[in-house]
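K.L.:
Return atomic coordinates for the entry below.
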Amino acid sequence: MPSTLATPVRMNGNGHTHTPMDVEKIFGQNTFGLSEMKARLPKSVYKHLVATIQDGEPINVEVADAIALAMKEWAVEHGATHYTHWFQPLTGRTAEKHDTFITPNEGGGAVAEFSGKNLFQGEPDASSFPSGGLRATFEARGYTAYDPTSPAFIIKHNNVATLCIPTAFASWTGEALDHKIPLLRSMEALNKQARRALDLFGESVSRVYATCGSEQEYFLIDERFFLARPDLLVTGRTLLGAKPPRGQELDDHYFGTIPERVMAFMNAVEEELYHLGVPVATRHNEVAPGQYEFAPIFENANVAADHQQLMMMTLQRTAPRFGLVCLLHEKPFAGINGSGKHCNWSMSTNTGMNLLEPGETPHENLLFLFFCTAVIQAVHRHQGLLRATIATAANDHRLGANEAPPAILSIFLGEQLTDVFEQIAASGKASSSKQSGFLGLGTPVLPRLPRHASDRNRTSPFAFTGNKFEFRGVGSSQSVSLPLTVLNTIAAEAIDDLATKLEAKLGKKKRSKQALEDAVHDVIADAIRAHKAIIFNGDNYTQAWNEEAEKRGLLNLKSTPDALPQLTVDTTVEAFAAYEVLSEAELEGREEILTEQYVMTVNIEAATTENMAQTMVLPAAVRYLSELIDTAARGSDLGLTFGGTMETAKEVSALVDDLKGAIGRLAKARMAAHGAKNEARAMKDNVIPAMASVREVCDALEGIVSADLWPLPTYREMLFIK
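P.N.:
Next comes the predicted model:
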């Protein structure tokens, strides 16, 4: 790559400077990755650490001091004065407590110290993090444990550098109080069962990894508008706001030209992420006005989950530099598309083999057919559990709204694979695969394009997209760790089941190629016949599919209170216990935490709606009503008739009365919900509809009240001023 040092600095249109990046030079520069480890660690320590990272070998405490010394020296060279054990509590975001490297010495000075003990174990206060009843509030002790599989990194912000060490977080009694521990456990379960299955196929590998590449959708609005909207400040979404004359109807924003200020922001985000070793690869305008997306390249699932958190943090931290605010809420604006985080998931070996790569002739690819069948079985058996992993108050606004996957889980396989599996289900074996060919575009100046064997289905919640499955229901503000943990665990269970049946078919006799092929087809055929109800290639948004899904016995869990109990049904508890991913108590704790978060979120939104309507919208409407009445009175004194003015005054007056009544009903519903036996259900059935009634009146007033009196930035301003 040519040097960029002599390239002139350019201005980006918002007064910010930008120097073109040398990506190869800066990528991973702020990460204590393998290259830094190799350069700084003794050979034996480096070899041991690589075995842990790449092969899952136990980490030896005897190497702790050597790793800590090298990591500290590297961090100090980068300007770090503090370190933190960076962990992912059950809040869904990250947590950190900063400790200094500096230790006073006997001569009255200070030295930078960081021991193996400091690296391997921390002790943050666990009392204020959600535990779901796993421990009492007064029981404060919690431990963080170094995760060597995810590289340490340095965050630089306002000339302050901090060494961040990815860690797990557990209670004093050993329960997982975070998302990392179960994710790592689930990856080990998947590794064990997948390797066992591969052995049956004569494939010897040392490791199977779950891999992930999570897209990230988000909105950007001008900071001035954000600060003037109490709902955005407090809840991350607009609780009031009339539909603008123009939304996304013209489809002109999607993949359109990126506005200059937004491009400058994206470039700054990319630069920061490249320094942190996050392989972000794609950026573009999304469907809704003001909506955008980043997407990274596939990584080990644990590292991908950490990087996803870093991406969210970087997006929100960078935006103010450009006078912007990044909104990660799933539905910040009503009436236009919300934001998701499509979770692209697959399985890969240490030798580079993707177990979900069908090849040119998938009907002949026994390995692919086996592992793809396992995923089909897993999703069908645990459809409710997968729905629970994406159940939040925010995501409920998005799922099933003809813009995102529906609440009903189904799998899209595409024409080619569906045909292959139908052949296997019908006759026990597939003899052909539909071929793709080339796409001619009708003019010699354009190339003939290789055509995929199947189209894509953007309405499917769980779609096969070439060599991976795309779980499209994950919300934009969510951690991907819980969905990944569930995918890994249920896939491990299905692989275990199919491998056990395959072993029984093969017996102990010598396994010929034909015997293996026949046994695999028998096992796959039985599984597909049992689980084909989950496969659907049509339009998931139609009422006809809802009716068909019900006939197939598929679950339609429309809301978070409907979905969360799936975390503790017998099939979930049995699977997670069998593979030692989460105990029944840990699952119950997560259900309790997520339910509580749902209740608190809705309650905060309801209180904010009530306050905004009472103190902002109602006074603005009354002032406008007063102006109308005064104008009509002055006209009457002059002998003029103001029929239109009086009609408007009557309309505003009626809406003011309606609003006052709606506010009162919302307040009563919110108070009643707190005393209800099932608080989450009361919030869903009573409080949310009451909020909608308040909003309906407020939005009607927005369309009438004089613009100079309206107290809130409008959708027109927030979505289109860039």
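K.L.:
Residue 371 versus residue 523, what's the distance?
P.N.:
Going from residue 523 to residue 371 by CB to CB, to the nearest Å gives 12 Å. All C-beta spots, glycine's among them, are computed from the backbone N, C-alpha and C.
K.L.:
With residue 427 instead?
P.N.:
Taking CB to CB as the measure, residue 427 falls 21 Å from residue 371.
K.L.:
These two: which has the busier surroundings?
P.N.:
The residue with more neighbours, out of residue 427 and residue 371 and counting by other CB atoms under 10 Å, is residue 371; that gives 25 against 11.
K.L.:
so the more buried one touches residue 355, yeah?
P.N.:
Yes: taking CB atoms under 8 Å as the contact criterion, residue 371 and residue 355 are neighbours in contact, 4.5 Å apart.
K.L.:
Find the residues that touch each one of those two.
P.N.:
By the contact definition CB atoms under 8 Å, 6 or more residues apart in numbering, residue 371 and residue 355 are jointly contacted by 194, 347.
K.L.:
Kindly tell me how buried the closest residue to residue 200 other than its chain neighbours is, as a neighbour count.
P.N.:
Using CB to CB, 6 or more residues apart in numbering and skipping residues adjacent in sequence, the residue nearest residue 200 is residue 502, 5.7 Å away. When neighbours are counted by other CB under 10 Å, residue 502 registers 19.
K.L.:
Can you tell me the element residue 541 falls in?
P.N.:
Assigned by DSSP states H and E, residue 541 belongs to no helix or strand.
K.L.:
Work out for me the element residue 153 sits within.
P.N.:
Counting by DSSP H and E, the secondary-structure element that holds residue 153 is strand 152-157.
K.L.:
which residues are in contact with that strand?
P.N.:
The set of residues external to strand 152-157 that reach it, using CB under 8 Å, 6+ apart, is 30-32, 71, 75, 78-80, 161-166, 276-277, 310, 317.
K.L.:
Please pick the buried ones from those residues.
P.N.:
Neighbour counting over the contacts of strand 152-157 (16 or more other CB atoms under 10 Å) leaves 30-32, 71, 75, 80, 161-166, 276-277, 310 as the buried ones.
K.L.:
Give me the helix or strand of this structure that scores worst on average pLDDT.
P.N.:
Sorted by mean pLDDT, DSSP states H and E, the helices and strands of the chain end with strand 10-11, the least confident at a mean of 37.
K.L.:
Now do the helices in the stretch 401-550 of the chain.
P.N.:
Secondary structure of the stretch 401-550 of the chain, counting by DSSP state H, counting those that start in this stretch: helices at 414-427, 481-506, 513-531, 543-552.
K.L.:
picking that back up, any idea which helix or strand comes after the strand holding residue 153?
P.N.:
Moving on from strand 152-157 towards the C-terminus, the next helix or strand you reach (DSSP H and E) is strand 160-171.
K.L.:
just checking, what packs against the following helix or strand past that following strand?
P.N.:
Remark: after strand 160-171, the chain's next helix or strand is helix 180-200, criterion DSSP H and E. Judged by 3 or more CB pairs under 8 Å, 6 or more residues apart in numbering; DSSP states H and E, helix 180-200 is in contact with strand 160-171, strand 208-214, helix 301-318, strand 343-349, helix 366-381, helix 481-506.
K.L.:
Helix 180-200 vs helix 301-318, what angle?
P.N.:
In terms of direction (axes from the mean of the first three to the mean of the last three CA atoms, to 10 degrees), helix 180-200 departs from helix 301-318 by 140 degrees.
K.L.:
May I see the buried residues of helix 180-200?
P.N.:
Neighbour counts over helix 180-200 (16+ other CB under 10 Å) mark 180-191, 193-198, 200 as buried.
K.L.:
And stretch 562-581, by the same measure?
P.N.:
Of the residues in stretch 562-581, those buried under the neighbour-count criterion (16+ other CB under 10 Å) are 562, 563, 564, 566, 567, 568, 572, 573, 575, 576, 579, 581.
K.L.:
and whichever strand or helix holds residue 602, what's its mean pLDDT?
P.N.:
Per DSSP H and E, residue 602 falls inside helix 584-612. In this model, helix 584-612 carries a mean pLDDT of 96.
K.L.:
How far off centre is stretch 596-609?
P.N.:
Here the centre of stretch 596-609 is set off from its chain's centre by 21 Å, with CA atoms, centre = their mean, to the nearest Å.
K.L.:
now do stretch 561-572
P.N.:
Remark: stretch 561-572 is offset 20 Å from the chain centroid, using CA atoms, centre = their mean.
K.L.:
how long is it end to end?
P.N.:
Between the opening and closing residues of stretch 561-572 we find a distance of 17 Å, counting by CA to CA, to the nearest Å.
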